[in-house]
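Enquirer: I would like the atomic coordinates for the input below:
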Amino acid sequence: MSKVKIIGDRSGRVWPMVLRTAEESRNAGRRLILYVPEQYTLQAERDLITGLKLPGLLDIQVISPRKMKQQVKERTGTGTKRLLNEMGRAMAVHRVMTEKADELVYYKDMTDLPGAVKRVEEALDELRESDMTPEELEAYAASAVTGAERAKLNDLKTIWQGYEELISEQFDDEKTAWADTVDRLRRSGMWKTADVAVYGFDTIRPDLRKLLAGICEDVNSLTVFLVTDTDKAPDGRIFSSQRESVDRLTQALEEHGIAAEEIMLKNSRENCAAALAFLDRNLFALNPEKWTGDARSTVTLYAGSTPWDEAEKISATLRKWNEEGTAWSEMAIALPSGAASAGVLRSNLKINGIPFVWQQKDKAEDHPVCRMLLCALSCLSDGYRTENVTNMARSGFSLLTEEEGLLLESYALAHGVEGRRWQKPFTAGENAAEAEACRLRLLTPLEKLRNELKEADNAGESASALADFLEEMNVWVRMEEEEEILLDREMYREAVINRQIGKLLADLLEQLQTLLGKKRAAIRDLKYMLESALAQASLAALPEEENGVIIGEVGHLLAGEIKALVLAQAQDGMLAAPESGWLTDPERRKLEEASGRTIGISRETGCLIRKYDFYRTLTLPLDKLMVTWSLRTEDGGALQPDGLIIQLEELFPELQEEGGVLGNEKRTDPVTPRAAIDGLGPWLTEIKKGEIGDVPADWKKALIQLLHSGQYGNTAHRMLDELLPKKEKQKLEKETARRLFMTDRLSVSRLEQFASCPYRHFIDYGLRPVQQDTFTFESNDAGTFFHEALDRYMKRAGADSRWPGFTPEQVDDVLEPILAELTEEWKDSPLQGDALGEWTGEGYVRRVRRAAHVLTRFAANSDFRTIATEQAFGDAEGLPPIVMTLSDGSRAAIRGKIDRIDTYENGEGIWLRIVDNKSREKKPDPARMATGEQLQLMIYLKAAAESMPGAHLAGAFYFPVIDKEVETKTDNPEEIEADRIDKTRMKGVAAAEEDVIRAMDRDIRPFSVDKVFKQDGTLSKSASWVMEEKTLRGLTDAALEKAGELCERMREGEIEASPGEDSTGSVCRYCDYRTICRLGNGKTRVRDKEITYQDIAGKNTLRETEK
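Expert: You can find the predicted model right below:
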């Protein structure tokens, strides 16, 4: 062979040249070998058959590096040494770093750091590829550098020598094995007289260069095809690595006496859309032009609100392209490296029935069997962290079923099981026995593994212990069962991947045994070795579809003719410069200058290579290009698009983002959210008047985005409500509502929740989701503690003849035993789990102490006496229920529990007061009474009154169980105490009877309730909470009538999301279901804030006040 041809051209123009070369070889009757990257093998065969219109490939061989090595092995055999694969290399480097830790300085004790072993591997690869020796590296370190850099280079020399010594007797590493394969290939004559074409490689790396130089003397012709351009091109800098690799190949060929002919073509791309041809020239040009036409039919930008929204848009677009005549196999989806939501996209495509060819490989460490094994070793080496235990339990390859794994996880979260508590029997809670059985079944094999690994004298015994553990966990049987299930579901790719895992784990344990030899490894080192090994391994399978949408990684997506392409998940950072490797760029330059060799790549070169990858991908399509990204992660975190989006918008000024953003800020209308909200009013008014039929597209788009805006959403919703006809409220069928909701006996809190938001009530009482218990002390737990403590205190104190004239010491004498009893129940609870829990518990105890002292002082200053605490009504042993008669004649009962009932007797009879303990400050609100969101006091007062016929109504109050600090300028303890007590005043409603009000607090300056009377005995204007007794009674009747109305609405099936507000804003803020509610944090019902107690009682009903 006289010359090697190296043919270069820009993207999309090289493959036609490959087809032409293949056709020339076939016409001449010569055998053609097309040498391509691993992931392109099958696609290249399909592209050849399609491009040359062949029935098959009888005289053309498509060969990848792996296939070539397999053919050489079959023809010539192998040497006596085994190949050390990527897993074995990682374990070997880890072992050397561990064993030589005492000799290391820079890399000492770094094996347990994420990525440390991989970085050392990369360093060794770069040094070996440069043909530098450990001795040369040591000499350079001694003469040219100092400090940390010298320590790093010396450590690498030590690791390098240790690595070669470790593997030399039994293994060949990749570089040595490759050199042997090339030599055997040449000697075998397998490619002799063939035409060889090389296509699809981004650069000519050292291994490829060695192959080409090795075969060039034997083959008939050798042609290398590259996507590249000259340095004179506007974007020529992004092809610098390709040109440099060509120069090195030329030099290597000259050393073999073979000349190289470089041919740089300038072909035009046929049938390419004008906008995409423009993109080819300008995407990464130093001085790009601006497109003057309209590219919107060719280039699309879409911002998905979530990864699912983005995936749905991609599926819809692919289907639309297909309906317009583009074949599935003529479309492609490119994903940036490390795309976080690739699984979401893949699932969506399957759901939508879109065929696809997945060219990406799966990470071995992500397979459930590998996760289970790594979690097991993490449990043994790092202590039983709950995350590792539950991940192991729910991996699908433990001895627990999915339901048992969930039960164990739920128990652990609910009871705060962490660390050593996993090794103790579970005894707390109702399902302790069931959870304990699951714990034993999960951890018994694990503890057996611990003992066997501790007793192991060598690597063989350690590997056997791991193999026995997998056997005991029934892994192999389960994998066979899962493979059958996958095959039955026609999930062939997943089935093949599942099969590969078994072989991978067997190879892993065999190499582990060989590398460690007679030495044993600590459990912690075993874990890190296996982690490092599995992080390097990947799994691949033949595609499920022959003619589907091609999906691959940016820069590695290869196809013949692609008409339409989607660049998905274009998130911020995908084009950012890569991180520095083991050398900084200045260190790299110094070493290269001193050694005369090229050592790896610099950050600048890495950045250019990344741009080259994106250039090669984005310029694949002939007709359509779509770029998409998400505004949120799968967990709801914020995301930003990559700067590439801005580049595209600058190249194509007419482009407008679709989807989840407002749009192009350069438009004259509406350029900002504020401008949009100001300008929408006139448009909507004209529509309402019938003057126009629709708003312009950009204003319509702006409105849609404003409706989802946190800042302007409420305003936009109200504007739209004025325009749209009123819709009927969302409802269930009556029969469905009857089956879902039990409405014969209702609690007041349930009625109030329905009034607050029917949709939340529907989920809680209709769907009844079971929430995950967690090891936390919730606000309702605190409320239960407060109620129980004060109930016991009032009962025991009331039985003492000295009550309520207790001294502070006597209060404590009664209260402390009660607190001791109740806090004893906190054992093994979050309030004794750690320092923060103890601090929280102490705060609850302080609040109860404060409440007991304040209650005692209130009682001592009052003529009202407590006759009942925690008095139930509507239950079998309590007072009778409150009965509602509904409009259809049916009845429903209200039940509840009154915290405290007080009475006072004067000449007019018995006056009745109820008090409800609250863990925070609260006061009655007539507006919330009117909507039914605050019925409790009035319903409770009516229940107490019905149990005491003839009694007068004195009032109903909230008592805050709080211990608030106060700001004061005095040091006088009595004045400070008076200020503190002032913060715990009871808030409520009361009858405007002077004797009754004064009976509540006999102090000249009342401190248990707000001041009511002026000095002249008349009512204060601020005492709006005081009213005539008939008004108070009217409020209780109206509350009952409102409760009946709410009950009827439940039975009617009302489930509309119509949240109310509290004193600080929308109740959506603390709703557990806000993420699934279609209203979310949108508009709330507007209350009638002008309504008074007299309005409510006067109408004898709580009227509907929604506007």
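Enquirer: Helix, strand, or coil at the residue nearest the centre of the chain?
Expert: A centroid search over the chain (CA atoms, centre = their mean) returns D635, at 2.9 Å, as the residue closest to the centre. Three-state assignment for D635 (DSSP: H, G, I helix; E, B strand; the rest coil): coil.
Enquirer: For T306, see how far away it is.
Expert: 10 Å (CB to CB, to the nearest Å). (C-beta placed from N, C-alpha, C; glycine too.)
Enquirer: Count the neighbours of Q656 for me.
Expert: Other residues near Q656 number 18, with proximity taken as other CB atoms under 10 Å.
Enquirer: re the thing from before, mind checking how far the residue nearest to the centre of the chain is from V145?
Expert: 45 Å.
Enquirer: Also E24?
Expert: Per CB to CB, E24 is found 54 Å from V145.
Enquirer: neighbour count winner among the two?
Expert: Each of E24 and V145 has its neighbours counted (other CB under 10 Å); V145 has more, 18 against 13.
Enquirer: and that one, what does it touch?
Expert: 153, 587, 590 (CB atoms under 8 Å, 6 or more residues apart in numbering).
Enquirer: What of L54?
Expert: L48.
Enquirer: Dihedrals phi and psi, it?
Expert: Main-chain dihedrals, L54, degrees, to the nearest 10: phi -100, psi 150.
Enquirer: So which of the contacts of V145 is surrounded by the most neighbours?
Expert: Of the contacts of V145, with other CB under 10 Å as the count, L153 tops at 24 neighbours.
Enquirer: Now the host helix or strand of it - C-alpha only, PDB.
Expert: Using DSSP states H and E, L153 maps to helix 147-167. Output of helix 147-167 as PDB, limited to C-alpha atoms (Å, rounded to 0.1, in the frame of the first residue of the first chain):
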ATOM      1  CA  GLY A 147       6.100  20.800  47.500                       C
ATOM      2  CA  ALA A 148       2.800  19.200  46.900                       C
ATOM      3  CA  GLU A 149       3.400  18.600  43.200                       C
ATOM      4  CA  ARG A 150       6.500  16.600  44.000                       C
ATOM      5  CA  ALA A 151       4.700  14.600  46.600                       C
ATOM      6  CA  LYS A 152       1.900  13.900  44.100                       C
ATOM      7  CA  LEU A 153       4.300  12.700  41.300                       C
ATOM      8  CA  ASN A 154       6.400  10.600  43.700                       C
ATOM      9  CA  ASP A 155       3.200   9.000  45.000                       C
ATOM     10  CA  LEU A 156       2.100   8.200  41.500                       C
ATOM     11  CA  LYS A 157       5.500   6.600  40.700                       C
ATOM     12  CA  THR A 158       5.100   4.500  43.900                       C
ATOM     13  CA  ILE A 159       1.500   3.400  43.000                       C
ATOM     14  CA  TRP A 160       2.500   2.800  39.300                       C
ATOM     15  CA  GLN A 161       5.400   0.500  40.300                       C
ATOM     16  CA  GLY A 162       3.300  -1.300  42.800                       C
ATOM     17  CA  TYR A 163       0.500  -1.700  40.300                       C
ATOM     18  CA  GLU A 164       2.800  -3.300  37.700                       C
ATOM     19  CA  GLU A 165       4.400  -5.500  40.200                       C
ATOM     20  CA  LEU A 166       0.900  -6.700  41.500                       C
ATOM     21  CA  ILE A 167      -0.500  -7.600  38.000                       C
END
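Enquirer: What is that helix packed up against?
Expert: With contacts taken as 3 or more CB pairs under 8 Å, 6 or more residues apart in numbering; DSSP states H and E, helix 147-167 sits against helix 86-99, helix 116-129, helix 134-144.
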